[in-house]
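Chemist: Let's see this in three dimensions:
(4 chains)
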There are 2 protein chains.
Amino acid sequence: MRTDTRKQFVETTSQLLHERGYEGTSLKDILAKSGAPRGSLYYHFPGGKDELVCAATRHGVDYVSEFLRECFAADADPIAAVRAYASEAGRELAESGYILGCPVAPIVLDGIQSPELGDICREAMATWQDIIAGRLRLAGLEDERAMSFAALLVSAIEGALLVARALREVTPLDRVGSELAAQLTAMLQEVEDSHE
Amino acid sequence: MRTDTRKQFVETTSQLLHERGYEGTSLKDILAKSGAPRGSLYYHFPGGKDELVCAATRHGVDYVSEFLRECFAADADPIAAVRAYASEAGRELAESGYILGCPVAPIVLDGIQSPELGDICREAMATWQDIIAGRLRLAGLEDERAMSFAALLVSAIEGALLVARALREVTPLDRVGSELAAQLTAMLQEVEDSHE
DNA sequence: GAAGATATGTAGACCGGACGTCATACCTCC
DNA sequence: GGAGGTATGACGTCCGGTCTACATATCTTC
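Modeler: Numbering: from 1, shown residues only, chains lettered A, B, ... in the order given. Got it, this is the predicted structure:
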């Protein structure tokens, strides 16, 4: 099973990164949790911890990006998308025992250990904003306003995940979700009105 | 100078926590940066790293709480407060080389190492939301809406600090600040209208 | 299908750094 | 000068990430 061990490493690492951040995640933990022996890791990831963490972060980022693209697809209602994304993020957070939030956040706040990791994080944030801004532009929002609201959306959910984890309750995500949905409703209404 | 050493420890630790999180901050680094010898630390903080981190986090939280209370004072304009807080947070972040964000965030995302630390984080988030919600209620917002918008505010700024650090630019804070200010303006306008 | 080559998986040794402890030194005030 | 609070840094122990040498599986070629 060529990819199995490797995949196992990536997924285990991704989970541990969520839980304890870059520095808090030790190879010993990864090894124990993934059940693989020590040496295997260096076969699959000659670059050691850094390479593994990069792969794990990419894995997490891809998962989020894909889900975002699904929610904010061209043929989906953007207001429903906001609600859906916030509530799904909250659900995953709560179900994981307040562990699974943003895959990038713990890396960023642990001080970003390599240039490559920095690139991954920067690109992730930019991509997420672009996905949302693109959909908002399609809905008729002016360029600058679309970027601005997309930034708010990404920031607010990112922050809500953090606040929710600290409080150990999902209310922040609920509140942020419905606030943002309400505001987007008003904005799109305005756009519609001005086109009449 | 009895308290000097202690204070030095707290401030140094606070800074390093911002920079690298709980796990990334080693006693060696703290010692080197604060210039004090190893033993001193255990004289002032018999509880070791945990006790020191608690003190440092409290220190950071108090600083933020105080600034928030200043911005959202009863006699200050809440819309200006939103703008002021976002831009000041952005300024500090950029000036510190994209290090100084929320003092609680790195602790939360590193998995919270002790119950006491958890309490500090939870209380901090709750306090910040309460400060803002209180001011919004005073401005005439209904209870639930005030809580909701306060949650959005705290989350959005918290998230914007994170996104800004990842991107190494302050645009997210600028955008979030002006979006939130615009939305609050509309909300307060509504309240005023309904009272006529 | 046997031999050798290449890919994959395993085991444990290494070295540096992590945190915490201690026996001791330094004051300062009576 | 002795007693109490304060400060010190060398040391022990454990755990971190990395490496090298070995074992097994899979593939290639005749």
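
Chemist: and the residue in chain A that DNA strand D sits nearest to, what is it in contact with?
Modeler: Nearest residue of chain A to DNA strand D (C-beta to the nearest atom of the strand) works out as A:G48 at 2.6 Å. (Each C-beta comes from the backbone N, C-alpha and C, glycine too.) Residues near A:G48 by C-beta atoms under 8 Å, 6 or more residues apart in numbering or on different chains: A:41-42.

Chemist: and with 10 Å instead?
Modeler: A:27, A:41-42 (C-beta atoms under 10 Å, 6 or more residues apart in numbering or on different chains).

Chemist: Out of the residues you listed, which comes closest to A:I112?
Modeler: A:I112 lies nearest to A:L27 out of the contacts of A:G48, by C-beta to C-beta, at 19.2 Å.

Chemist: And that closest one, how far from B:T57?
Modeler: Applying C-beta to C-beta, to the nearest Å, the value for A:L27 to B:T57 is 28 Å.

Chemist: Mind checking which of these two has more residues around it?
Modeler: More crowded of A:L27 and B:T57, by other C-beta atoms under 10 Å in any protein chain shown: B:T57, with 24 against 14.

Chemist: hmm, the helix or strand containing that one touching chain A?
Modeler: Per DSSP states H and E, B:T57 falls inside helix B:49-71. No. No part of helix B:49-71 sits near chain A under the criterion C-beta under 10 Å from any C-beta of the partner chain; the closest distance found is 11.2 Å.

Chemist: buried sites along that helix?
Modeler: Neighbour-count burial for helix B:49-71 flags B:49, B:51-61, B:64, B:68, B:71 (criterion: 16 or more other C-beta atoms under 10 Å in any protein chain shown).

Chemist: And for stretch A:32-46?
Modeler: Buried, per 16+ other C-beta under 10 Å, within stretch A:32-46: A:33-34, A:36, A:41, A:44-45.

Chemist: on that earlier part again, give me the subset of the buried residues of helix B:49-71 touching DNA strand C.
Modeler: When contact is defined as C-beta under 7 Å from any atom of the strand, the buried residues of helix B:49-71 meet DNA strand C at B:K49.

Chemist: Next, the contact list for A:A74, please.
Modeler: By C-beta under 10 Å, 6+ apart, A:A74 lies in contact with A:134-135, A:138-139.

Chemist: Closest one to B:H195 out of these, please.
Modeler: So of those, ranked by how close each gets to B:H195 (C-beta to C-beta), first place is A:A139, at 32.8 Å.

Chemist: so which of the contacts of A:G48 also contact DNA strand C?
Modeler: With C-beta under 7 Å from any atom of the strand as the criterion, the contacts of A:G48 include A:Y42 near DNA strand C.

Chemist: rewinding a little: tell me which of the contacts of A:A74 is nearest to A:A84?
Modeler: Closest to A:A84, out of all of the contacts of A:A74 and judged by C-beta to C-beta, is A:R135, at 12.7 Å.

Chemist: How many residues are close by the closest residue in space to A:L109 that isn't next to it in sequence?
Modeler: Spatially, and ignoring its direct neighbours in sequence, A:L109 is nearest to B:P106 (4.4 Å; C-beta to C-beta, 6 or more residues apart in numbering or on different chains). Neighbour count of B:P106, defined by other C-beta under 10 Å: 28.
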